[in-house]
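1. Starting from these lines, generate the structure:
(2 chains)
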There are 2 protein chains.
Amino acid sequence: MRGVVMHAPGDVRVEEIDGPKITAPTDAIIRLSATCVCGSDLWPYRGVDAVDQPTPMGHEYVGIVEEVGSEVRNVKPGQFVVGSFVSSDGTCEICRAGYPSSCVHRVFMNEVGTQAERALIPNADGTLVATPGMPDADLIPSLLAASDVLGTGWFGAVAAQAGPGKRVAVVGDGAVGLLAVLAAKQLGAEQIIAMSRHESRQKLAREFGATDIVTERGDEGVAKVKELTGGLGAHSVVEAVGTQESMQQAIRSTRPGGNVGFVGVNHDVALSGEELFFAQVNLLGGPAPVRQYLPELIDLIWERKINPGKVFDLTLPLEQAAEGYRAMDERRAIKTLLTP
Amino acid sequence: MRGVVMHAPGDVRVEEIDGPKITAPTDAIIRLSATCVCGSDLWPYRGVDAVDQPTPMGHEYVGIVEEVGSEVRNVKPGQFVVGSFVSSDGTCEICRAGYPSSCVHRVFMNEVGTQAERALIPNADGTLVATPGMPDADLIPSLLAASDVLGTGWFGAVAAQAGPGKRVAVVGDGAVGLLAVLAAKQLGAEQIIAMSRHESRQKLAREFGATDIVTERGDEGVAKVKELTGGLGAHSVVEAVGTQESMQQAIRSTRPGGNVGFVGVNHDVALSGEELFFAQVNLLGGPAPVRQYLPELIDLIWERKINPGKVFDLTLPLEQAAEGYRAMDERRAIKTLLTP
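-> Numbers count the residues shown, from 1 in each chain, chains lettered A, B, ... in the order given. Now for the predicted structure:
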């Protein structure tokens, strides 16, 4: 089958790769209806993460079940399914506590690779959620977003305890940051400050529910957020970048007793214990437990109450994946959808 | 009046200092019934924090109100009072959200100095809580503990979300760590693992409610906690030391989705963002919002349901403060009570 393979930073190719085979009775195989390029795929693309060998890429997916292992009960061939970017058994103590992305049997789907025609899904019963029926074509981008960026933005907002009466700030205007704005809005936040200096992203942020836009960064950005929140800082801040600067900006924008939900994959970040101590903010982050939100997110999408698929501003055939990466790297596109 | 002054690391003297004077209408002056030496006083004593000039010491206190400013309504001369080590107005948005230790008008009481015969209490109405009457002498150590170490251990346990069904671990066997054990017990925790290698402290930890003792530190300590918690780590971990090693030990001892309450004043700690991201633990710490717990803690003490005063294993007259510091520095004493 055809699949995306990264050979080195900047070198993404679509080539013939081995198709998936069921090896565990809990596996399933899906035929991808759509997949996409993630902001986190840009870390190796930009050489920040090493690329030691040709690496199959992708961890976001929606598609139709083709085959299931003998123990799979919850999904069956022919169903349209959405799954998390982390496969989880759904039964361990950590899953049951609401953290399937830290499941004791988790498999990060980027170890499998979903930018391809088909993909193996380990722990199928704990990972996949079938939609009520075959989705209309226009719903597919939104369902695909649920697989990672929507679920991740949602977790960021939940971890930041966005909700009624809360003043929320979002650091980062990539797909995850924008969808954290959407999540904060759905969760009932009173004020939603999007930090962005890109006009098209500001526009989408407003469409998703942002009440204020802050273009400043660093200490100036922090000062601006404080100015907009009665001098105290936001109650809830979502960090959706993962750098030293963005983490500090998030922490410093939060009032004492407030909450930071950090969902940007951290790279070379060292947080000062002293600063965290005196900031007195709640900090929770990590790979989003997307699976636990999927039923609710699929419902919202199915009933057309949210349209997170708008973050895909470029759609290309899988064969043109290289251009999809390039467009995101150069920030010409927020997020690229690939059709196998 | 007589008061403790630190002139340099290791150089603590009791000398004649100026008595307190009311300057703001919200001030009160109390005559100390008891005060004490805090683990955090050892940072400058050991030269870790600089001592730039002769510095009045102490931030823990109980005593009798002598005089109040014209706007003070909640306490009056003659009452026995307990207050937090951070003075707070009790009315600002941060106080009302439950974080008086981050009050917009806070004054850290160590800037005032309470190891003395009398002390000025700024923001008296928001800071002091009167006891139901004059306490019996044997209750005074426990009431004094409420002023900081009990309230701080309590916050650590609350921040770590210790409670029914929870497996709790406590890193640090100083007064705060030991009282975090007591707090976890009161909050209904199922299992309480105290990390200590000192026999007398292990004994007190067991008395306060510890179900298990772990003597190992670092990675071995983490492995031991995991072994005692079904391989997953504790749900709730209280950090009560404040070093790089103890913070890492706390984070690594916590299961994904669990909570770390860190109350050791951090010194030269740098937390890896990557590690925090993938650990997926909730982190909350800082100066404990002791004031919000005082009414409850005073009740528990008054009704003799808890006896946190047991952490004071050395009582000296104020004049012998230097020996009190020495004993704690050499770990001959857990905590020194000083009687003015």
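
2. Show me which residues of chain A are close to chain B?
-> Contact residues (Cβ under 8 Å from any Cβ of the partner chain) of chain A with chain B: A:93-94, A:97-99, A:101-102, A:104, A:230, A:232, A:242, A:244, A:247, A:255-257, A:262, A:265-274, A:276-287. (C-beta placed from N, C-alpha, C; glycine too.)

3. Which phi and psi values does the closest residue to chain B within the stretch 1-150 of chain A adopt?
-> Closest to chain B within the stretch 1-150 of chain A is residue A:102: 3.2 Å, counting by Cβ to the nearest Cβ. Note on residue A:102: backbone dihedrals following degrees, to the nearest 10 are phi -110, psi 20.

4. give me the number of residues near it?
-> Neighbouring residues of residue A:102 were enumerated by other Cβ atoms under 10 Å in any protein chain shown; the total is 25.

5. For the closest residue to it other than its chain neighbours, identify the helix or strand it belongs to.
-> Using Cβ to Cβ, 6 or more residues apart in numbering or on different chains and skipping the chain neighbours, the partner closest in space to residue A:102 is residue B:256 (3.2 Å). Taking DSSP states H and E as the definition, residue B:256 sits inside strand B:254-262.

6. Sheet partners, orientation included, of that strand?
-> Taking DSSP bridges as the criterion, strand B:254-262 sits next to strand B:234-239 (parallel), strand B:282-285 (parallel) in its sheet.

7. mind checking how far it is from the chain centre?
-> For strand B:254-262, the distance from its own C-alpha centre to the chain's C-alpha centre is 20 Å (Cα atoms, centre = their mean, to the nearest Å).

8. Stretch A:105-112 now?
-> With Cα atoms, centre = their mean as the basis, stretch A:105-112 stands 15 Å off its chain's centre.

9. again, but for stretch A:326-339
-> Using Cα atoms, centre = their mean, the distance from the centre of stretch A:326-339 to the centre of the chain it belongs to is 15 Å.

10. what sits up against that stretch?
-> Residues external to stretch A:326-339 that are found in contact with it (Cβ atoms under 8 Å, 6 or more residues apart in numbering or on different chains): A:4, A:33-39, A:42, A:45-46, A:115, A:141, A:144, A:149, A:174-175, A:178, A:198, A:200-201, A:204, A:311-318, A:320-321, A:324-325.

11. now do stretch A:295-304
-> Outside stretch A:295-304, the residues touching it (Cβ under 8 Å, 6+ apart) are A:82, A:129, A:131-132, A:135, A:139, A:142-143, A:146, A:150-151, A:154, A:186, A:306-308.

12. Export only the CA atoms of it, formatted as CSV.
-> The C-alpha trace of stretch A:295-304 is given here as CSV (Å, rounded to 0.1, in the frame of the first residue of the first chain):
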residue,chain,number,x,y,z
PRO,A,295,-18.3,10.0,22.4
GLU,A,296,-19.2,13.5,23.4
LEU,A,297,-17.2,15.1,20.6
ILE,A,298,-18.6,12.8,17.9
ASP,A,299,-22.1,13.7,19.1
LEU,A,300,-21.4,17.5,18.9
ILE,A,301,-20.0,17.0,15.4
TRP,A,302,-22.8,14.7,14.3
GLU,A,303,-25.4,17.2,15.4
ARG,A,304,-23.4,19.9,13.6
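
13. what about residue A:58, how many neighbours?
-> One way to gauge burial is a neighbour count; for residue A:58, by other Cβ under 10 Å, it gives 26.

14. cool, residue A:64 as well?
-> Here the count is done by other Cβ under 10 Å, and residue A:64 has 15 residues near it.

15. How far off centre is the helix or strand where it lies?
-> With the criterion set as DSSP H and E, the secondary-structure element containing residue A:64 is strand A:62-68. Counting by Cα atoms, centre = their mean, strand A:62-68 is centred 21 Å from the centre of its parent chain.

16. Give the buried residues for it.
-> A:62, A:63, A:65, A:67, A:68 (16 or more other Cβ atoms under 10 Å in any protein chain shown).

17. Those into TSV, with extra columns for distance to residue A:237 and pLDDT?
-> As requested, those are exported to TSV (distance: Cβ to Cβ, whole Å; pLDDT from 0 to 100):
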residue	distance to residue A:237	pLDDT
A:62	30	98
A:63	35	98
A:65	39	98
A:67	44	98
A:68	41	98
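
18. how about the strands of the stretch 1-150 of chain A, start to end?
-> If DSSP state E, counting those that start in this stretch is used as the criterion, the strands of the stretch 1-150 of chain A fall at A:2-8, A:11-16, A:28-36, A:55-56, A:62-68, A:80-83, A:86-87, A:107-108, A:118-121, A:128-130.
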